[in-house]
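Undergrad: predicted model and sequence follow; I will ask about them next.
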Amino acid sequence: MDRKRIGILTSGGDCPGLNAVLRAASRAAENLGWELIGFHDGFEGLLAPDEFTVLDRKATSGIMHLGGTMIGTVNRGQFVKRGGARQPSFIPAEILGKTRQTFQNLGLHALIVVGGDGSLNTALQLHKAGLPVVGVPKTIDNDLEATAMTFGFDSAVECVASSLDRLHTTASSHKRVMVLEVMGRHAGWIALHGGLAGGADIILIPEIPFDFEKITQEILRRDRVGAKCTMVVVAEGATPKSGRQSRHHTASGENRLGGIGEIVGREIGERTGKEVRTCVLGHLQRGGAPTMLDRILGTTFGVKAVQLIAEGKFGSMVSFNNYETHDVPIAQAVHKPRRVDPNSQIVKMARAVEIVFGD
């Protein structure tokens, strides 16, 4: 059996379950008689080909329960250059040439890219340039098309639900309104699932523009029926009907979603006269040990990625649907984001248990 060498990298934001992917891919490659190397710091590692770790059984032993990624990751760098207005990003020709040279110098048979929509878009460009690439979907936001779930999502939801459990006790003690801002970018999956699991009374998501007056009415109604507190979960991309998404400027000049929790909390306080406290979970949702489900998903995704290489299905991405792993073209997965359908069964179920969406 030929001794093949394949590479793997983790790109974009970190999340629980990445180490489970690395461990599983290592085991699957070893069983085929292959060597797996992990490039450090995402795609940037391809430009420093001496900076990699051989991911053998010893290196990956005991890492499945750890959060983060043992080979590091970045969500910016030399690989992506922004196009003009409404133009897609692209890989500069010089960077693409250096990547080809790395493949040749290291004798790489294929590369596994573990990442979200941005990283998979970069992987798709490498594939179109003729490089053998397969993708593994990774995002806590759960917003990738062509896969029902991504690892990291369940861990983020668990963080939200656990936080609501803690906030509920202090909120009921003081008869307060608690506003919890969560991640999710332009999709409301984390807020919806986390709010449901944590017993939220009001959930605000990007897919359902909300009205401050409707929120006010619900809080006052709860007061009249003797509710001790009101728990509000708001996704970072949630938008009032009469406004825009809340963003803040970073030192790098980037505009990031965030700040809507403070806006919602302030409006509730001014309109109801009630005591309001706001909490922003932020990167707590990315950290910590993965849940059991994310460990299992990460493991199955890592094994499937190696299988796709063995089958020569380059340009494909691992997909999870109907409780089984499949594969789809990467282009299909990054075509558009997967968002919450306001008329979906889960939203209707939430309304049936008296959760208000502010519409």
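TA: On my side now, so go ahead.
Undergrad: relative to Ile219, how far out is Val356?
TA: Using CB to CB, to the nearest Å, Val356 is found at 9 Å from Ile219. (Glycine included, C-beta is placed from N, CA and C.)
Undergrad: now do the shared contacts for the two.
TA: Counting by CB atoms under 8 Å, 6 or more residues apart in numbering, the contacts common to Val356 and Ile219 are Ile202.
Undergrad: just for the stretch 1-150 of the chain, where's the confidence low?
TA: Low-confidence segments of the stretch 1-150 of the chain (pLDDT under 70): 1-2, 81-88.
Undergrad: kindly recompute the last result at 80.
TA: For the stretch 1-150 of the chain, applying pLDDT under 80 flags the ranges 1-2, 49, 75-77, 80-89.
Undergrad: ranges for the helices of it?
TA: Using DSSP state H, counting those that start in this stretch, the helices assigned to the stretch 1-150 of the chain run over residues 18-31, 57-60, 93-106, 117-128.
Undergrad: quick one, which of the ones you listed is nearest to Gly42?
TA: For the helices of the stretch 1-150 of the chain, the distance to Gly42 is smallest for helix 117-128, at 7.4 Å, taking CB to CB.
Undergrad: for that closest one, buried residues please.
TA: Residues of helix 117-128 classed as buried by neighbour count (16 or more other CB atoms under 10 Å): Asp117, Gly118, Ser119, Leu120, Asn121, Thr122, Ala123, Leu124, Gln125, Leu126, His127.
Undergrad: roughly how far does the fourth one sit from His335?
TA: Leu120 is 11 Å from His335, where distance means CB to CB.
Undergrad: what's the single longest strand in this protein?
TA: If you go by DSSP state E, the chain has its longest strand at strand 108-115.
Undergrad: thinking again about what came up before, between the buried residues of helix 117-128, which is closest to Glu267?
TA: Of all these, Glu267 sits closest to Asp117, with 31.7 Å by CB to CB.
Undergrad: ok, the buried residues of helix 117-128 vs Thr230, which is closest?
TA: For the buried residues of helix 117-128, the nearest to Thr230 is Asp117 (34.3 Å; CB to CB).
Undergrad: check the gap between the closest residue to the closest one other than its chain neighbours and Leu108 for me.
TA: Spatial nearest neighbour of Asp117, chain neighbours left out: Val334 (5.1 Å); criterion: CB to CB, 6 or more residues apart in numbering. Distance, Val334 to Leu108, by CB to CB: 23 Å.
Undergrad: neighbour-wise, which of those two wins?
TA: Taking other CB atoms under 10 Å, Val334 and Leu108 do not tie; Val334 has more neighbours (23 against 19).
Undergrad: double-check the more buried one against Asn121; I have them as touching.
TA: Yes. Contact criterion CB atoms under 8 Å: Val334 and Asn121 qualify, at 5.2 Å.
Undergrad: so Leu96 sits against Lys128, correct?
TA: No. The criterion here is CB under 8 Å, and Leu96 misses it with Lys128 at 10.3 Å.
Undergrad: nearest to Val80 among the helices of the stretch 1-150 of the chain would be which one?
TA: In terms of CB to CB, the element of the helices of the stretch 1-150 of the chain nearest to Val80 is helix 117-128, at 6.2 Å.
Undergrad: the residue nearest to Gly68 when sequence neighbours are not counted: neighbour count?
TA: In this structure, Gly68 finds its nearest non-sequential neighbour in Asp14, 5.0 Å apart by CB to CB, 6+ apart. By other CB under 10 Å, 21 other residues sit near Asp14.
Undergrad: can you check the one 10 residues further on too?
TA: Number of residues near Ala24 (other CB under 10 Å) recorded here: 23.
Undergrad: buried ones in the strand or helix carrying Glu158?
TA: Secondary structure from DSSP states H and E places Glu158 in helix 153-174. By neighbour count with 16+ other CB under 10 Å, helix 153-174 contains the buried residues 153-161, 163-164, 167-168, 171.
Undergrad: please apply the same query to stretch 28-43.
TA: Using 16+ other CB under 10 Å as the burial criterion, the residues of stretch 28-43 that qualify are 28-30, 32, 34-43.
Undergrad: cool, stretch 177-187 as well?
TA: Buried-residue list, stretch 177-187, by 16+ other CB under 10 Å: Val177, Met178, Val179, Leu180, Glu181, Val182, Met183, Gly184, Arg185, His186, Ala187.
Undergrad: turn those into CSV, columns for distance to Gly135, pLDDT and secondary structure.
TA: Shown next, in CSV, are those (distance: CB to CB, whole Å; pLDDT from 0 to 100; DSSP: H, G, I helix; E, B strand; the rest coil):
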residue, distance to Gly135, pLDDT, secondary structure
Val177, 42, 93, strand
Met178, 39, 94, strand
Val179, 36, 96, strand
Leu180, 32, 96, strand
Glu181, 30, 95, strand
Val182, 26, 96, strand
Met183, 22, 92, coil
Gly184, 21, 89, coil
Arg185, 19, 83, coil
His186, 21, 88, coil
Ala187, 19, 93, coil
